[in-house]
Structures are given as C-alpha cells and as structure tokens.
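Q: here you go, sequence then predicted model.
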Amino acid sequence: MDELDSTLVALLNERASCAKEIGQLKETVGMEVYQPDREIEVLRHVRARNGGPLEAKAITRLFERIIDEARRLERSTE
C-alpha cells in the first residue's frame, strides 16, 4: 500500500507540474483558467476509464478535488 501511495503522489505531482505549465500558457494567450467544458470532458473520461471497485461517484469526487487543485496551481502563475 505504501508503494502505491508513493506512486500516486508522484503521478499527482506530475499532473500538477503540467497544470502549472498550462496555466502559464493560458495566461500567455489570454485564456480563462476556468474551462467548465474541459472539466466536464475530464470527468467523463475518467468515469469511462473506471473499472471499479470505486463507483463513478467516488471517481468524480476524487477528480473534482484534483481539478480544483490544478486550477489553483494554474492561477498561481498570475
């Protein structure tokens, strides 16, 4: 379990680094950080990839938090 947790932390930090880069790009081209259509697409994608045992609602809740943190990082470039 510890090894899985370590892998999750590494992957979440990799995703966070990408979010920071995306935030910088959005700022450069004048895009809004909040992209509700994209967030819906991400949630749809992860639910479709979910093979369980977590329910779709659980995956949605987890990714809503991940997206919230990514959005916070994107804004931190401002």
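A: Received the coordinates, thanks.
Q: quick check: the residue most central in space within the chain vs E3, distance?
A: Centroid-nearest residue in the chain, with CA atoms, centre = their mean: I67, separated by 3.8 Å. In this view, I67 and E3 are 26 Å apart by CB to CB, to the nearest Å. In short, each C-beta sits where N, CA and C put it, glycine included.
Q: just the helices in the protein please.
A: Taking DSSP state H to define them, one finds helices in the chain at 2-29, 36-49, 56-75.
Q: with mean pLDDT as new columns, can the ones you listed be given to me in TSV?
A: Converted to TSV, these look like this (pLDDT from 0 to 100):
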stretch	mean pLDDT
helix 2-29	96
helix 36-49	97
helix 56-75	96
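Q: quick one: the residue nearest to the centre of the chain from S6, how far?
A: Distance from I67 to S6, by CB to CB: 22 Å.
Q: residues near the nearest residue to the residue nearest to the centre of the chain once chain neighbours are set aside, how many?
A: Counting by CB to CB, 6 or more residues apart in numbering, I67 lies nearest to E39, which is 5.6 Å off, once chain neighbours are set aside. By other CB atoms under 10 Å, the residues close to E39 number 16.
Q: E32 and A58, how far apart?
A: The spacing between E32 and A58, counted by CB to CB, is 29 Å.
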